[in-house]
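**Q** can you look at this prediction? I've put the sequence above it.
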Amino acid sequence: MLDHDTERPACGPACGHTDAADGTTLITDLPYGPKAAEVARKAVAVALHGAEEVLLDDVRLITSELATNAFASGSPPLVLCVDRATPATGGLEVEITVTDGGCSKRAPSSPQAPGEEAESGRGLVIVEALADAWSLSTGAHGTRAWCRLTREVRSSTASA
């Protein structure tokens, strides 16, 4: 199990549908096939409607990588959970969880960068580079990839 987060409780995010002033949760099944990443990107765009484009780009890329890994290495069902929250201190916090039906391979001890000519293998390296915290746990009965991105509100100063 990879775990690069010391603040996250051992259990997964609360994956019930909510739509409150301070947070939203989107849960959707992903197709078990090559379209998983595309469907995941579209779902994230809906969940983060109105978010800054830079954050949305990072979240779409991470979600695409996690969905691709779940399809390539796991088994059905694939499920995406996106939690969007506004902390009391302001800003935006986004948590992404992708689960699948499991795999027989153990999680790597750390993400390994592939060779320059490799066509795949960069997913967890990308997640590690863009997310503030992340974890991966694998097993025969389920795999869970989770990450968090936190962005502060940018203050704009108007010139007089």
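**A** Yep, that arrived.
**Q** mind checking how far the residue nearest to the spatial centre of the chain is from residue 43?
**A** Centrality entry for the chain: nearest residue to the mean C-alpha point is residue 96, 3.1 Å, by Cα atoms, centre = their mean. Computed with Cβ to Cβ, to the nearest Å, the distance linking residue 96 and residue 43 is 10 Å. Where you see a C-beta, it was placed from the backbone N, CA and C, and this is true even at glycine.
**Q** repeat for residue 80
**A** 6 Å.
**Q** the two - which one has more neighbours?
**A** Using other Cβ atoms under 10 Å, the more surrounded residue of residue 80 and residue 43 is residue 80, with 24 against 21.
**Q** am I right that the more buried one is in a strand?
**A** Yes: assignment of residue 80 by DSSP: H, G, I helix; E, B strand; the rest coil places it within a strand.
**Q** make sure it is actually in contact with residue 25.
**A** No: the pair residue 80 and residue 25 fails to qualify as a contact (Cβ atoms under 8 Å) at a distance of 10.9 Å.
**Q** hang on, the earlier thing: what's the overlap in contacts for residue 80 and residue 43?
**A** Any residue near both residue 80 and residue 43 by Cβ atoms under 8 Å, 6 or more residues apart in numbering counts here, and that gives 26, 28, 63.
**Q** ok, residue 57 to residue 51 distance?
**A** 10 Å.
**Q** who has more neighbours, the two?
**A** Between residue 57 and residue 51, counted using other Cβ under 10 Å, residue 51 has the larger neighbour count: 17 against 12.
**Q** just the pLDDT for the residue lying closest to residue 139 once chain neighbours are set aside.
**A** Among residues not flanking residue 139 along the chain, residue 102 sits closest, at 5.5 Å (Cβ to Cβ, 6 or more residues apart in numbering). What the model reports as pLDDT for residue 102 is 89.
**Q** distance of residue 102 from residue 33?
**A** 17 Å.
**Q** sorry, back to before: got any residues that touch both of residue 96 and residue 43?
**A** Common neighbours of residue 96 and residue 43 (Cβ under 8 Å, 6+ apart) are 63, 80, 82.
**Q** tell me the one of those nearest residue 71?
**A** residue 80 (11.7 Å; Cβ to Cβ).
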